[in-house]
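J.: my questions concern the predicted model and sequence given below.
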Amino acid sequence: MHIHTDPAVIAGYLEDASGFIHGWAKRIAIPENDSDIGGFLESASRQHEPVTVAGGRTGVAAGCIPQGGTILSLERLATLGPVAGNDHNHWIEVQPAVRLEELKSVARSSGLMYAPDPTERTGTLGGNVATNASGGQCFKYGTTREHVLGLEAVLATGEKLCLERACHTLADDLLRYRLASGRTLECRRPQLPLLRVDKNAAGYYSRPGMDPLDLLIGMDGTLAVITRIKLRLLPAPPGVFSLFVFFPDLSQALDCAKLLRPLGRAASPNPGLTPASLEFMDSNSLRLLRPAFPLIPGHAQALLMAEQEFTQENEEALLASWQDFLAAAGVPDNMIWLAQAPSDRKRARDFRHALPEAVNTLVRQSKLPKVGTDLAVPPEAFAGMFRVYVQSLQASSLEHLIFGHIGECHLHVNVLPRNEAELLQAKALYLDFAREAVRLGGTVSAEHGIGKLKHDFLKIMVGEDGLREMARVKRCFDPSLILNRGNIFPEEYLEETR
């Protein structure tokens, strides 16, 4: 275990991608292995010393930013195991500091793929699991949770927990975990409102009949320290092409998305269109991109982007199916970009990534933070939620753009305030949007998590009772209440459980 107390070294661990600047810590502990972690946490628990787990520090909710105590950096736990399995099932075991891009590269070299594709490829797998990260291909393949086959973790007591999917039990809503110490940890499933969305990163996972493993996915470092992850790998598709479809009318784009949405998670292979992702940009997004991409049609009011996997046998048929679908929707050929060749696919990726980069440039210039939503609603509620976005933003006169994962009814509204008054106005509008999403059966965080920044949003979603339920669960796993304090729910809810 390496310990650092130099303030200059600590300063490098006090920021992530959230822009939160109010972190502080006494020291940094960098373990070499699981045994280091167990002994360190056992000692910290005895002394009631707060411990904040840090990985790649690419999150946007300040989950790894400490409020005192010690930073436990997992940066040296970066072993990536060999691909294992047989003709039908493949998996790989990784330590938490392995980067997403490393895993994807190793999978590709074996003709396989790791399906979850969060935008931040330099993020770590430990962070992805701790926040249940997703990305565009969630439309077809689901979130990180659906690809985790097992976990090893260390509790705040220093005890080791090994979990394999479908190997631990839940009976009468009681979660049971057999620890390496021989002790059985029992905890009643958190009693939380059931959501009607598949994509959720807001607080602890809870469903009747859930696998106990799933509680530790999306727990934001509050229940245990993840030390090893077993991940499912899938056969890589022989080919992928991308479609960029520009629409002169917003309603036309929304109608097409509504028709495509049911195809994302089809239970069996669909003989027609089977998009792996379905993304959206509004007219303000396109306006921001035009200087760098002048070929964007000048009269385009919206864009849908889809990725289609294919084999040599069905490529032509799939291209014809897309052509027929878009022709029936009234989209002319000159409003469609097709990316098939590797060089075209690279330009397509550059185009996607250019938007958040352009937004970040504006934020740096204004020296004011953007206000970006992370809400998702059930499919039947999407049209109403989108109408609320548009009408409220138009009435506000705030500079904004809307883009994101329309296939999962999960769009990001980015408001770019020009002064402090507009910043306050944007934050108030975000709260209104969150209340409406919850009223419609949605989530206040579909992929970025709650961390330390969105307590008020989670309270809207689960209420006081829901926050107390999560604090109760934390107490079961972390009786000294040391791990990642301030993540998910305010610290005062922990004090109530003492």
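T.: Received, thanks. Numbering: from 1, shown residues only.
J.: switch to C-alpha atoms for all contacts and neighbour counts from now on
T.: Fine.
J.: the helix or strand containing Glu316: which residues count as buried?
T.: Using DSSP states H and E, Glu316 sits in helix 315-328. Residues of helix 315-328 classed as buried: Glu315, Leu318, Leu319, Trp322, Gln323, Phe325, Leu326 (neighbour count, 16 or more other CA atoms under 10 Å).
J.: what do you get for stretch 18-34?
T.: By neighbour count with 16+ other CA under 10 Å, stretch 18-34 contains the buried residues Ser18, Phe20, Trp24, Ala25, Arg27, Ile28, Ala29, Ile30, Pro31, Asp34.
J.: which other helices and strands contact the helix or strand hosting Lys140?
T.: Here Lys140 is covered by helix 138-141, with elements defined by DSSP H and E. With contacts taken as 3 or more CA pairs under 8 Å, 6 or more residues apart in numbering; DSSP states H and E, helix 138-141 sits against strand 275-282.
J.: returning to that earlier point: any idea which of the buried residues of stretch 18-34 is least confident?
T.: Sorting these by pLDDT puts Ser18 at the bottom of the list (76).
J.: which ones are touching that residue?
T.: Gly59, Val60, Ala61, Ala62 (CA atoms under 8 Å, 6 or more residues apart in numbering).
J.: and the residues you listed as JSON lines, adding distance to Leu192, pLDDT and secondary structure?
T.: Shown next, in JSON lines, are the contacts of Ser18 (distance: CA to CA, whole Å; pLDDT from 0 to 100; DSSP: H, G, I helix; E, B strand; the rest coil):
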{"residue": "Gly59", "distance to Leu192": "25", "pLDDT": "82", "secondary structure": "coil"}
{"residue": "Val60", "distance to Leu192": "24", "pLDDT": "80", "secondary structure": "coil"}
{"residue": "Ala61", "distance to Leu192": "22", "pLDDT": "84", "secondary structure": "coil"}
{"residue": "Ala62", "distance to Leu192": "24", "pLDDT": "82", "secondary structure": "coil"}
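J.: with respect to Glu309, which of these is nearest?
T.: Distance to Glu309, by CA to CA, is smallest for Gly59 among those, at 29.3 Å.
J.: would you check how far apart that closest one and Leu174 are?
T.: 32 Å (CA to CA, to the nearest Å).
J.: now do Val225
T.: 22 Å.
J.: between those two, which one's more packed in?
T.: Just comparing Val225 and Leu174: by other CA atoms under 10 Å the higher neighbour count belongs to Val225, 31 against 15.
J.: surely the more buried one is in contact with Thr157?
T.: No. Contact criterion CA atoms under 8 Å: Val225 and Thr157 do not qualify, at 10.9 Å.
J.: for the stretch 201-350 of the chain, what spans make up the strands?
T.: In the stretch 201-350 of the chain, the strands defined using DSSP state E, counting those that start in this stretch lie at 225-235, 239-247, 275-282, 302-310, 336-339.
J.: of those, which is nearest Leu494?
T.: Smallest distance to Leu494 across the strands of the stretch 201-350 of the chain (CA to CA): 18.7 Å, for strand 225-235.
J.: adjacent strands (with direction) for that closest one?
T.: Strand pairing for strand 225-235, determined by DSSP bridges: strand 90-94 (antiparallel), strand 112-113 (antiparallel), strand 148-154 (antiparallel).
J.: so which of these is nearest Arg207?
T.: strand 148-154 (17.0 Å).
J.: okay, the angle between the helix or strand following the closest one and strand 225-235?
T.: Per DSSP H and E, strand 148-154 leads on to strand 160-164 as the next helix or strand towards the C-terminus. Counting by axes from the mean of the first three to the mean of the last three CA atoms, to 10 degrees, strand 160-164 lies at 20 degrees to strand 225-235.
J.: put the alpha carbons of strand 160-164 into CSV.
T.: Extracted in CSV, the C-alpha atoms of strand 160-164 (Å, rounded to 0.1, in the frame of the first residue of the first chain):
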residue,chain,number,x,y,z
LYS,A,160,-14.3,-10.3,0.8
LEU,A,161,-17.4,-11.0,-1.2
CYS,A,162,-17.5,-13.2,-4.3
LEU,A,163,-20.6,-13.1,-6.5
GLU,A,164,-21.7,-15.0,-9.6
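J.: just checking, what packs against it?
T.: Contacts defined by 3+ CA pairs under 8 Å, 6+ apart place strand 160-164 against strand 148-154.
J.: contacts for the strand it packs on, please.
T.: The contact list for strand 148-154 (CA under 8 Å, 6+ apart) reads 34, 37-38, 160-165, 213, 224-232.
J.: give me the low-pLDDT residue ranges for this protein?
T.: Low-confidence segments of the chain (pLDDT under 70): 168-169, 265-271, 496-498.
J.: hey, what's Ala153 bridged with?
T.: Leu161, Ile226.
J.: can you tell me how far it sits from Asp214?
T.: 13 Å.
J.: kindly report the same for Lys199.
T.: For Lys199 relative to Asp214 (CA to CA), the value is 14 Å.
J.: Pro379 too?
T.: Using CA to CA, one obtains 24 Å as the distance from Pro379 to Asp214.
J.: which of those two has more residues huddled nearby?
T.: Of the pair Pro379 and Asp214, Asp214 is the one with more neighbours under other CA under 10 Å, namely 23 against 19.
J.: tell me the angle the helix holding Glu316 makes with strand 239-247.
T.: Computed by the same axes, to 10 degrees, the angle separating helix 315-328 from strand 239-247 equals 10 degrees.
J.: okay, helix 315-328 in CSV with CA atoms only?
T.: C-alpha atoms of helix 315-328 as CSV (Å, rounded to 0.1, in the frame of the first residue of the first chain):
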residue,chain,number,x,y,z
GLU,A,315,-25.8,-6.5,-46.1
GLU,A,316,-27.6,-5.7,-49.4
ALA,A,317,-31.0,-6.7,-48.0
LEU,A,318,-30.5,-4.5,-45.0
LEU,A,319,-29.4,-1.5,-47.1
ALA,A,320,-32.5,-2.1,-49.3
SER,A,321,-34.7,-2.3,-46.2
TRP,A,322,-33.4,1.0,-44.9
GLN,A,323,-33.8,2.6,-48.3
ASP,A,324,-37.4,1.5,-48.4
PHE,A,325,-38.1,2.7,-44.9
LEU,A,326,-36.7,6.1,-45.4
ALA,A,327,-38.3,6.5,-48.8
ALA,A,328,-41.7,5.7,-47.2
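J.: now it against strand 302-310, angle please.
T.: 160 degrees.
J.: give me the contacts around helix 315-328.
T.: Contacts with helix 315-328, where a contact means CA under 8 Å, 6+ apart, come from Gly272, Leu273, Phe310, Pro332.
J.: for stretch 96-108, same thing?
T.: The contact list for stretch 96-108 (CA under 8 Å, 6+ apart) reads 55-56, 74-80, 83, 113-114, 121-127, 226-229, 233, 236.
J.: filter those residues down to just the ones in helices.
T.: Leu125, Gly126, Gly127 (DSSP state H).
J.: would you format these as JSON lines with distance to Gly142 included?
T.: What follows is those, written out as JSON lines (distance: CA to CA, whole Å):
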{"residue": "Leu125", "distance to Gly142": "16"}
{"residue": "Gly126", "distance to Gly142": "18"}
{"residue": "Gly127", "distance to Gly142": "17"}
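J.: could I have stretch 178-192 exported to CSV, CA atoms only?
T.: The C-alpha coordinates for stretch 178-192 follow below in CSV (Å, rounded to 0.1, in the frame of the first residue of the first chain):
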residue,chain,number,x,y,z
ARG,A,178,-22.1,-15.6,1.8
LEU,A,179,-18.8,-13.8,2.6
ALA,A,180,-15.3,-15.4,2.5
SER,A,181,-15.1,-15.0,6.2
GLY,A,182,-17.9,-17.5,6.6
ARG,A,183,-20.5,-14.9,7.7
THR,A,184,-23.7,-14.5,5.9
LEU,A,185,-24.8,-10.9,5.2
GLU,A,186,-28.6,-10.5,5.0
CYS,A,187,-30.3,-7.3,3.9
ARG,A,188,-33.9,-6.7,2.9
ARG,A,189,-34.2,-5.5,-0.7
PRO,A,190,-34.6,-1.7,-0.8
GLN,A,191,-38.3,-0.8,-1.1
LEU,A,192,-38.3,1.8,-3.9
